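Colleague: Starting from these lines, generate the structure:
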Amino acid sequence: MTDELFAPLGAGALTLRALRAEDAAQLHRLVNDWEVARMLARVPFPYPRQLADEWIASTRAQIAAGTAWHLAITRDEALVGCVGLTTSPDAPRHAELGYWVGRRHWGQGIGPEAAGRLARWALANLDLDVIHASVLEENARSAAVLARIGFVEDGMAEQDFTARNARLPVRRFRAGRAELAPPADAPAPEAPAAATPAMPTGARLLLVAACALIDPDGRVLLARRPEGKPMAGLWEFPGGKLMAGETPEDALIRELKEELGIDVSAACLAPFAFASHPLEGRHLLMPLYLCRRWGGTLEGREGQALAWVRPAKLGDYAMPPADKPLVALLRDFL
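Modeller: Numbering: from 1, shown residues only. Coordinates of the predicted model:
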């Protein structure tokens, strides 16, 4: 069944998708269990069957509004639990993660697989920098799941638990892009290898060429780093690392073709400025070029989102540290 509300996410053998009305009966059977409900803050017990219908309808409305993403965790098309992410207008660029798994499916690695997948997707596709989570102090199982994903403990708090009719202590966790790295079996990210002591000093320099594409209306193109890459979800100027024997112009011509499907000539690349930024084990040197002419139809060929941005609005986009100093220069120039 196709659901246009939310494109399903694969997570190993699992699928995360929008909840549907027909999920209500199975959802009710799984969550109407004291061992599940007692660990969840806002779930009553007993759990009324009608509440399942109402909650599913509310989750679909929230996805449509872009305020929360509560998803079904399915395996072989059967519902096994739910995972969700909720944003707050009081804490921009922050969100809260939660999940539960039916008791019959405990101990099968479903929690870390589903929660980790949604968290990494959220940082790559939503305007977020930090994801928080809370677990009941006695819930060592869920605390271990969060630690396995990459969350770090962030103090204690108290929270109301509806099923227990009590306010109870919870352990707080948080994670950002650095903590929520791709899983070990994900494709190798584009990250520089650490220099070894035997390498000459110059070999520690990482050369990356970037390009500010400028359209006839004076807007600048930004590309969002896709899930699976370091700093996923941040916006940057298109470009990439220089390969052996390449000039910065050569690298940009190749990268812009591979990433965006456009043809650029060296004569249309004008050197503008450069960024110098320390990295772990390396130092980044990134020349920025301006380009106003290219051929072909521009598209994100690596699944990356693209945005044409007015110069005055460039500062509104979260960017890697190396790109930020270039924004003010570019804004003043344009």
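Colleague: neighbours around Gly12, how many?
Modeller: 15 (other C-beta atoms under 10 Å). C-beta coordinates here come from the backbone N, C-alpha and C atoms, glycine included.
Colleague: Extract the C-alpha set from the helix or strand containing Leu79 and format it as PDB.
Modeller: Counting by DSSP states H and E, the element that carries Leu79 is strand 78-87. Only the C-alpha atoms of strand 78-87 are listed here, as PDB (Å, rounded to 0.1, in the frame of the first residue of the first chain):
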ATOM      1  CA  ALA A  78       3.300  -6.600  10.600                       C
ATOM      2  CA  LEU A  79       3.200  -3.800  13.200                       C
ATOM      3  CA  VAL A  80       5.700  -4.500  16.000                       C
ATOM      4  CA  GLY A  81       5.900  -1.100  17.700                       C
ATOM      5  CA  CYS A  82       6.100   2.700  17.200                       C
ATOM      6  CA  VAL A  83       8.800   5.300  17.100                       C
ATOM      7  CA  GLY A  84       8.300   9.000  17.100                       C
ATOM      8  CA  LEU A  85      10.000  12.400  17.000                       C
ATOM      9  CA  THR A  86       8.300  15.600  18.200                       C
ATOM     10  CA  THR A  87       9.500  19.200  17.700                       C
END
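Colleague: which neighbours does that strand have in its sheet, and in what orientation?
Modeller: strand 68-75 (antiparallel), strand 94-101 (antiparallel) (DSSP bridges).
Colleague: okay, the ones you listed in JSON lines with mean pLDDT, mean neighbour count and distance to Ala210 next?
Modeller: Conversion of the strands paired with strand 78-87 to JSON lines gives the following (pLDDT from 0 to 100; neighbours: other C-beta atoms under 10 Å; distance: least, C-beta to C-beta, whole Å):
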{"stretch": "strand 68-75", "mean pLDDT": "98", "mean neighbour count": "22", "distance to Ala210": "32"}
{"stretch": "strand 94-101", "mean pLDDT": "97", "mean neighbour count": "21", "distance to Ala210": "29"}
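Colleague: What I need now is those written out in a markdown table, including distance to Ala275 for each item.
Modeller: Below are those laid out as a markdown table (distance: least, C-beta to C-beta, whole Å):
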| stretch | distance to Ala275 |
| --- | --- |
| strand 68-75 | 34 |
| strand 94-101 | 28 |
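Colleague: Can you name the helix or strand that Pro271 falls in?
Modeller: strand 270-279.
Colleague: and the angle for the following helix or strand past that strand with strand 270-279?
Modeller: Sequence order places strand 282-291 as the next helix or strand after strand 270-279, per DSSP H and E. With axes from the mean of the first three to the mean of the last three C-alpha atoms, to 10 degrees defining the directions, strand 282-291 sits at 160 degrees from strand 270-279.
Colleague: Average pLDDT for strand 282-291, rounded please.
Modeller: The average pLDDT within strand 282-291 is 94.
Colleague: quick check: domain ranges of this protein?
Modeller: Split into domains by automatic domain parsing, the chain comes to 9-175, 201-333.
Colleague: which of those has the lowest average pLDDT?
Modeller: domain 201-333 (a mean of 93).
Colleague: Figure out how far it is from the centre of its chain.
Modeller: The chain centroid and the centroid of domain 201-333 are separated by 20 Å, computed with C-alpha atoms, centre = their mean, to the nearest Å.
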